[in-house]
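# Fold the following and give me the result.
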Amino acid sequence: MATFKLTISDKIGKSITRELKEKDANPLLGLQIGNELDAAIVGQAGKIRITGGSDKSGVPLREDIHGGARKYILLSKGVGLRDAEKGQRFRKLIRGNTITEEAYQINCFLDGELKIDEASPSPTEEKKETADKPKKA
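Model prediction:
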């Protein structure tokens, strides 16, 4: 059973996170980075474009690697490599561009503006509220 955490951002810079489980997550299986789908699966209007993601271990999905398998590839720049100087190359573990059940976080871009429902706070906001309360002695 697939479970994905979708991070959706819009052109203004707002972002929200939604968790999709089982039946709701199945339409995402087999899609690749750059594919578009209807935003109704997350309760928004418009289309969302998949821009990236990572698997359960934090290994990033890279657009130029085909398939959903993990591979060690030689990188000089781009997704999965930071702090490389000119001419340096590193062999890094990267996952392909296809969304499989091993993917955990999927980053998306909404072509419209996000409508955030104020009535239901996100799970991260709930955690902050409980963390701010003083502990009882």
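# the helices in this structure, which residues?
Along the chain, the stretches classed as helices by DSSP state H are 22-25, 123-132.
# Worst mean pLDDT among the ones you listed?
The minimum mean pLDDT among the helices of the chain belongs to helix 123-132 (a mean of 55).
# pLDDT score for Gly30?
In this model, Gly30 is scored at 93, pLDDT.
# no wait, Ala84
pLDDT recorded at Ala84 is 87.
# so what's Gln32 bridging to?
For Gln32, the beta-bridge partners under DSSP bridges are Thr98.
# Return the residues in contact with Leu20.
The contact partners of Leu20, taken as CB atoms under 8 Å, 6 or more residues apart in numbering, are 3-6, 28, 41-42. Yep, even glycine has a C-beta here, placed from its N, CA and C like the rest.
# do you know how far the residue most central in space within the chain is from Asn97?
When CA atoms, centre = their mean is applied to the chain, the residue found nearest the centroid is Ile106 (2.2 Å). Using CB to CB, to the nearest Å, Ile106 is found at 12 Å from Asn97.
# do Gly67 as well
For Gly67, the distance to Asn97 - CB to CB - is 8 Å.
# the more surrounded of the two?
Asn97 (21 against 12; other CB atoms under 10 Å).
# Double-check the more buried one against Ala69; I have them as touching.
No. Between Asn97 and Ala69 there is no contact under CB atoms under 8 Å: 10.7 Å.
# What segments of the protein are strands?
With DSSP state E, the ranges of strands along the chain come out as 3-9, 15-21, 36-38, 47-55, 70-75, 90-95, 103-110.
# nearest to Asp83, of these?
Among those, strand 90-95 comes nearest to Asp83, with 9.5 Å by CB to CB.
# where are the low-confidence patches of this structure?
Along the chain, segments meeting pLDDT under 70 span 118-137.
# Now with 80, please.
For the chain, applying pLDDT under 80 flags the ranges 1, 116-137.
# Contacts only, for Ala39.
Residues near Ala39 by CB under 8 Å, 6+ apart: 8, 45-48, 110, 112.
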